[in-house]
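Undergrad: Generate coordinates for the sequence data below:
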Amino acid sequence: MRFLFIILTLFLSIISAVGQIWNPIRHCVVDASGECVSNTILTAMPFLRITPDARSGALGDAGVALSADPNAIHHNAARLAFAEQDLSISATLSPWLRNLGIDDIYLFYLSGYKKIDKLQTAGMAIRYFSLGSIDFKDENGMDLGTGRPNEFEVVGSYARKLSPNLSASLSAKYARSSLASNRTIGGTQIYPATTFGADLGVFYKGKLGASGRSNYLSLGGSITNLGAKVSYTRNTVKDFIPTNLAIGANYEMNFDDYNTLNAIFDINKLMVPSPCPIGDSTCFDVNKNRIADYREKDLFTGVFGSFTDATGGFREELQELMLSFGLEYWYDKTFAIRMGYFHENALKGNRKFFTLGTGFKYNVFSINLSYLVPTNITRSPLANTLRFSFIFDLGAFQTSSDEGTGADQ
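TA: So this is what the prediction gives:
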């Protein structure tokens, strides 16, 4: 039986409780009754921030400083410069809302890279998010037909080593979100939202420790989805896309020739204006045009001012940080066991979940699995869902073929 959706909200949510203000004693936004309420940062095109691969999905969504694979394009394309294989392709299919019995919403991610030479690597990725079949209704409940909203992204990346231990990357992308295209809602014509954007990344990997066996410390940083604001209509203010700053570290411990443990930690922050409480007359709608002032900021003022614009000051800025922790154990570089944890402040989204996963690599083929377990009442669309990623190292296949035919003789 096909499910019936109420149309996804096309504009940022309007805060409903009149009189909401920041309470400096409780360190939160409070409503008229004095209770803390959520002040979550909202953006257009949130699908751009969905972790697309099962490896990072099993590590609490951490991925800025992991070893290179094709999915680095989403997290930090600078990792690609340290890729060991000449050519690699990955594909991941993530079912969505399976806990609700929905079977036609999914995220598909296809990515790959090709080494140009020892210093340079080029990559490309395609993301497609199907929102299933939706039965549209008007205000009176009359049938307006069925639609299949969807969103997609195309990315091209270039990574280069700047030194034996340091690399940088630049990615260009195009994104399109079609939720209720060519329909009229409340007298307003709806159009697809489109934007161009860019990602920047840096990555460092060096030996650490004085023991005879090499351990490695990897550090990464990236700014992703730095792009123009978007709108689904022709007569409304545009909204920010989820520009994100991520920094992370990965400590690789090689105990012997067979056993390796990676300890991983990421911090993420949306570079998007913090919402101003509706009761704060100094920042919500100073110009009295019935549009929240933080939504009207221009791109660069909003993005680079996002570190100091929270009504609650530094305390609220800290609440906006998202933390990821992960452990990855490898046996003989062939079999992996992974676990992780993701934490988001209760007043900024309240996503908290454990992740588990495993991986297996044989010759030119790898498979990664991940499973998400929520730890609070906030429902995750990936809760109790098994995700698979497949990676094909075609460069290794070519090397094996050359060796088998005596090409190097």
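
Undergrad: Who are the packing partners of the lengthiest strand in the chain?
TA: For the chain, the longest strand by residue count, based on DSSP state E, is strand 193-208. In terms of contacts (3 or more C-beta pairs under 8 Å, 6 or more residues apart in numbering; DSSP states H and E), strand 193-208 is packed against strand 150-161, strand 166-178, strand 215-227. For glycine as for every other residue, the C-beta is placed from the backbone atoms N, C-alpha and C.

Undergrad: Could you tell me which residues within the shortest one count as buried?
TA: For strand 150-161, the neighbour count (16 or more other C-beta atoms under 10 Å) marks 150-153, 155, 157-161 as buried.

Undergrad: pull the CA atoms of that strand into CSV?
TA: The C-alpha trace of strand 150-161 is given here as CSV (Å, rounded to 0.1, in the frame of the first residue of the first chain):
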residue,chain,number,x,y,z
ASN,A,150,13.7,13.9,-5.8
GLU,A,151,17.0,15.6,-5.2
PHE,A,152,20.4,15.1,-6.7
GLU,A,153,24.0,16.3,-6.7
VAL,A,154,26.9,16.1,-9.1
VAL,A,155,30.5,16.7,-7.8
GLY,A,156,33.9,16.9,-9.5
SER,A,157,37.0,17.0,-7.3
TYR,A,158,40.7,17.6,-7.7
ALA,A,159,43.3,16.7,-5.0
ARG,A,160,47.0,17.4,-5.0
LYS,A,161,49.9,16.6,-2.6
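
Undergrad: excluding its backbone neighbours, what's nearest Lys173?
TA: Nearest residue to Lys173 in three dimensions, chain neighbours excluded: Val155, at 4.3 Å (C-beta to C-beta, 6 or more residues apart in numbering).

Undergrad: so where do the strands sit in the stretch 1-150 of the chain?
TA: Secondary structure of the stretch 1-150 of the chain (DSSP state E, counting those that start in this stretch): strands located at 21-23, 28-30, 36-37, 87-95, 105-115, 120-131, 134-137, 143-147, 150-161.

Undergrad: What degree of burial does Ser214 show, as a neighbour count?
TA: Ser214 sits with 11 neighbouring residues when counted by other C-beta atoms under 10 Å.

Undergrad: Enumerate every residue touching the residue nearest to the spatial centre of the chain.
TA: Geometric centre of the chain, nearest residue: Arg49, 2.6 Å, by C-alpha atoms, centre = their mean. Residues near Arg49 by C-beta atoms under 8 Å, 6 or more residues apart in numbering: 225, 242, 244.

Undergrad: Over to Ser389?
TA: 53-55, 71, 90-92, 367-369.

Undergrad: Check Phe360 too.
TA: Contacts of Phe360 by C-beta under 8 Å, 6+ apart are 334-336, 366-367.

Undergrad: try 10 Å
TA: For Phe360, the contact set (C-beta atoms under 10 Å, 6 or more residues apart in numbering) comprises 334-336, 366-369.

Undergrad: go on, Glu328?
TA: Applying C-beta under 10 Å, 6+ apart, the residues near Glu328 are 55, 58-59, 62, 66-67, 250, 252, 260-264, 336-340, 357, 359.
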